[in-house]
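*Asks:* Whatever this is, show me its structure:
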Amino acid sequence: MGLLTAACAAYASLAAWLWLTLAQGMFWRTDVRLPPRTAPARWPSVAIVVPARDEAEVLPRSLPSLIAQDYPGEAEVILVDDGSTDGTGELARRLARENPGLPLTVATPGDPAPGWTGKLWALRHGIGIARTAHATEPDFLLLTDADIAHEPDSLRELVAAATSADLDLVSQMARLRVVGPWERLVVPAFVYFFAQLYPFRRINRPSARTAAAAGGCVLLRTTTAVRAGIPDSIRQAVIDDVSLARAVHRSGGRIWLGLAERVDSVRPYPALADLWRMVSRSAYAQLRHQPLLLAGTVAGLVLVYLVPPAALLAGLAAGRPATAWAGGLAWLLMAGTYLPMLRYYRQPAALAPLLPFTALLYLLMTVDSAVQHYRGRGASWKGRTYARPSDA
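*Replies:* The predicted model follows:
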């Protein structure tokens, strides 16, 4: 009975990988970059809004890159200091004095109102300043995290892409830092799993039924933000980037999502514990705090990622070549679809067969996220813990 179960699981896993490889929007391809673009006749005005809470460690490597944007139109930077205790606001002012360029405004919104997450409360404050500080509202808002560094032409290329393709939201998934051994093992897989859930090509179709964005870099038309009620309509969202994209999609906006070439995260995750917190702080929120979705996710991770190597080894040990072949082919498809992401992150191909181990880590992080939620320490960030939306 055990061997029969192993064989069935191996065949089911192989079928899953054939479907993922061929029918899941070619999620594994990494060539979805900014669409073709030309310079607009008139460069729209842009307000860059940066929510920041205790970001003194990364701000010297990110904020100067925003101030130094080579943008032909009118632009400004608004950094919203969300109750920092490490001198983030004063550091931002000093960096602006030392790095002349786009004008910088530093604002402090106070504690979040009930029912708001800290980041979205900060964005609300920053967007409000952007819309009222001048005689006319900015045409676009660039919502970017405090740990994101931009090449000098980043804003220009984002705006050109939005105006050329008449897009309401253009989002690039910043290239995350990959330096230490744990970052090499976990970070490329993080983006790979995200693309598997939200295939970029499928998201970018005008007829797409779902929507997603990468919160580190979101260019949004101001009129679209107003029409979609952003950020008020998503004020409780912990997974704020996907929620923002869905709000834009519901309002009839056109969305584009892809991988970045000139936008990078400078936040370090040197230890496994750092990466663990990054994933577990919001993993159960992604599952809408539903035990059945958690159970289904765990079962899916086991079937898709853990069964292939187990079936290969079990089949070889028991002299069942069919089981071994099914497990081996599933593992080969898994590793093969992971290779483009490893190349994008300039990592060795030898990491591809280790994806089952990385998936096991993500499984444990997700379970830990649920455990922390039921212990009252659910979705949390920078000293704040957020309730389930219905309880907020």
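*Asks:* how about the strands in the stretch 1-150 of the chain?
*Replies:* Counting by DSSP state E, counting those that start in this stretch, the stretch 1-150 of the chain has strands at residues 46-52, 75-81, 104-107, 140-144, 148-150.
*Asks:* Point out the one among those that comes closest to residue 373.
*Replies:* strand 46-52 (23.6 Å; CB to CB). C-beta: built from backbone N, CA, C; applies to glycine.
*Asks:* Which strands or helices does that closest one pack on?
*Replies:* Packing partners of strand 46-52 (3 or more CB pairs under 8 Å, 6 or more residues apart in numbering; DSSP states H and E): helix 59-67, strand 75-81, helix 118-132, strand 140-144, helix 154-164.
*Asks:* can you give me the helices for the stretch 251-392 of the chain?
*Replies:* Listed in chain order, the helices of the stretch 251-392 of the chain (DSSP state H, counting those that start in this stretch) span 272-280, 283-286, 291-301, 307-318, 321-344, 355-374.
*Asks:* Now the weakest link among the ones you listed, please, by mean pLDDT.
*Replies:* Of all the helices of the stretch 251-392 of the chain, the minimum mean pLDDT falls on helix 283-286 (a mean of 90).
*Asks:* Kindly export that one (C-alpha atoms) in PDB.
*Replies:* Provided in PDB are the C-alpha atoms of helix 283-286 (Å, rounded to 0.1, in the frame of the first residue of the first chain):
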ATOM      1  CA  ALA A 283       2.300  34.500   5.100                       C
ATOM      2  CA  TYR A 284      -0.900  33.700   7.000                       C
ATOM      3  CA  ALA A 285      -2.400  37.000   6.100                       C
ATOM      4  CA  GLN A 286      -1.800  36.000   2.400                       C
END
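*Asks:* ok so, going back, now the helices and strands packed on strand 46-52 as TSV including mean neighbour count?
*Replies:* As requested, the helices and strands packed on strand 46-52 are exported to TSV (neighbours: other CB atoms under 10 Å):
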stretch	mean neighbour count
helix 59-67	21
strand 75-81	24
helix 118-132	21
strand 140-144	27
helix 154-164	23
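*Asks:* of all the helices of the stretch 251-392 of the chain, which lies closest to residue 225?
*Replies:* Nearest of the helices of the stretch 251-392 of the chain to residue 225, taken as CB to CB: helix 283-286 at 22.8 Å.
*Asks:* So which elements touch the closest one?
*Replies:* Applying 3+ CB pairs under 8 Å, 6+ apart, we find helix 283-286 packed against helix 355-374.
*Asks:* Could you list the buried residues of the helix it packs on?
*Replies:* 355-356, 358-359, 361-363, 365-370, 372-373 (16 or more other CB atoms under 10 Å).
*Asks:* Contacts for that helix, please.
*Replies:* Contacts to helix 355-374, defined as CB atoms under 8 Å, 6 or more residues apart in numbering, come from residues 185-186, 189, 192-193, 272, 276, 279-285, 287, 289, 291, 294, 297-298, 301-302, 304-306, 308-309, 331, 334-335, 338, 378-380, 388.
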